[in-house]
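K.L.:
sequence and predicted structure are below.
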Amino acid sequence: MRPDRLTVKAQEALQTAQQQAERRQHPQLDVEHLLLALATQRDGLIPSLLKKLGAAPDQLTARLDRAIERIPGVSYLSRLAELWADDPMYRARLGILLRLKDEIDSARAVEPTVPM
């Protein structure tokens, strides 16, 4: 995606969505972040369309806020990783997966390549 090819309003919405995701410590920008940014944009297309359709923009933004609140943040994921690190079964499974990955990587390293 090339942001320079977007309209000014679209660029503003994308920037607002990114700021919301960062402020909430979300690991990625999701569609909910972008929808909320578009729905709350002053003089934006989405709020005016919602009003013309008879929908309540405030209800939409409240629902989007609740959906965004359910997205796990980085701090939550870090804490979850810490808890799993203390679990012996998790460590055993992780060890098996890492050894399997090493075997696959080493097998790929010795595969003959076909000249193009």
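P.N.:
Structure received. Numbers count the residues shown, from 1 in each chain.

K.L.:
any idea which element the residue positioned nearest the centre of the chain lies in?
P.N.:
Centroid-nearest residue in the chain, with CA atoms, centre = their mean: Q28, separated by 2.9 Å. Following DSSP states H and E, one finds Q28 outside all helices and strands.

K.L.:
when you give positions from now on, start the count at 180
P.N.:
In the new count, where the first residue is 180, that last one comes out as Q207.

K.L.:
so it makes contact with Q197?
P.N.:
No: the criterion here is CB atoms under 8 Å, and Q207 misses it with Q197 at 10.1 Å. Placement of C-beta: from N, CA and C, glycine included.

K.L.:
now the residue nearest to the centre of the chain, what are its backbone angles?
P.N.:
In terms of degrees, to the nearest 10, the main-chain angles of Q207 are phi -150, psi 160.

K.L.:
out of everything not next to it in sequence, what's closest to it?
P.N.:
Leaving out its chain neighbours, the residue that sits closest to Q207 by CB to CB, 6 or more residues apart in numbering is A200, at 6.9 Å.

K.L.:
give me phi/psi at the one you found?
P.N.:
Main-chain torsions, A200, degrees, to the nearest 10: phi -60, psi -40.

K.L.:
lowest-pLDDT helix or strand in this structure?
P.N.:
Ranked by mean pLDDT, DSSP states H and E, the weakest helix or strand in the chain is helix 253-264, scoring a mean of 70.

K.L.:
could I get the CA-only coordinates of whichever helix or strand comes after that one as PDB?
P.N.:
Using DSSP H and E, the helix or strand that directly follows helix 253-264 along the chain is helix 267-289. C-alpha atoms of helix 267-289 as PDB (Å, rounded to 0.1, in the frame of the first residue of the first chain):
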ATOM      1  CA  PRO A 267       7.200 -27.600  32.300                       C
ATOM      2  CA  MET A 268       4.800 -29.100  29.700                       C
ATOM      3  CA  TYR A 269       5.100 -25.900  27.600                       C
ATOM      4  CA  ARG A 270       8.900 -26.000  27.800                       C
ATOM      5  CA  ALA A 271       8.900 -29.600  26.800                       C
ATOM      6  CA  ARG A 272       6.600 -29.000  23.800                       C
ATOM      7  CA  LEU A 273       8.700 -25.900  22.800                       C
ATOM      8  CA  GLY A 274      11.900 -28.000  22.900                       C
ATOM      9  CA  ILE A 275      10.300 -30.600  20.600                       C
ATOM     10  CA  LEU A 276       9.100 -27.900  18.200                       C
ATOM     11  CA  LEU A 277      12.500 -26.200  18.200                       C
ATOM     12  CA  ARG A 278      14.300 -29.500  17.500                       C
ATOM     13  CA  LEU A 279      11.900 -30.200  14.700                       C
ATOM     14  CA  LYS A 280      12.500 -26.800  13.200                       C
ATOM     15  CA  ASP A 281      16.300 -27.400  13.300                       C
ATOM     16  CA  GLU A 282      15.800 -30.700  11.500                       C
ATOM     17  CA  ILE A 283      13.700 -29.100   8.800                       C
ATOM     18  CA  ASP A 284      16.100 -26.200   8.400                       C
ATOM     19  CA  SER A 285      19.100 -28.600   8.100                       C
ATOM     20  CA  ALA A 286      17.300 -30.800   5.600                       C
ATOM     21  CA  ARG A 287      16.500 -27.700   3.500                       C
ATOM     22  CA  ALA A 288      20.200 -26.700   3.600                       C
ATOM     23  CA  VAL A 289      21.300 -29.900   1.900                       C
END
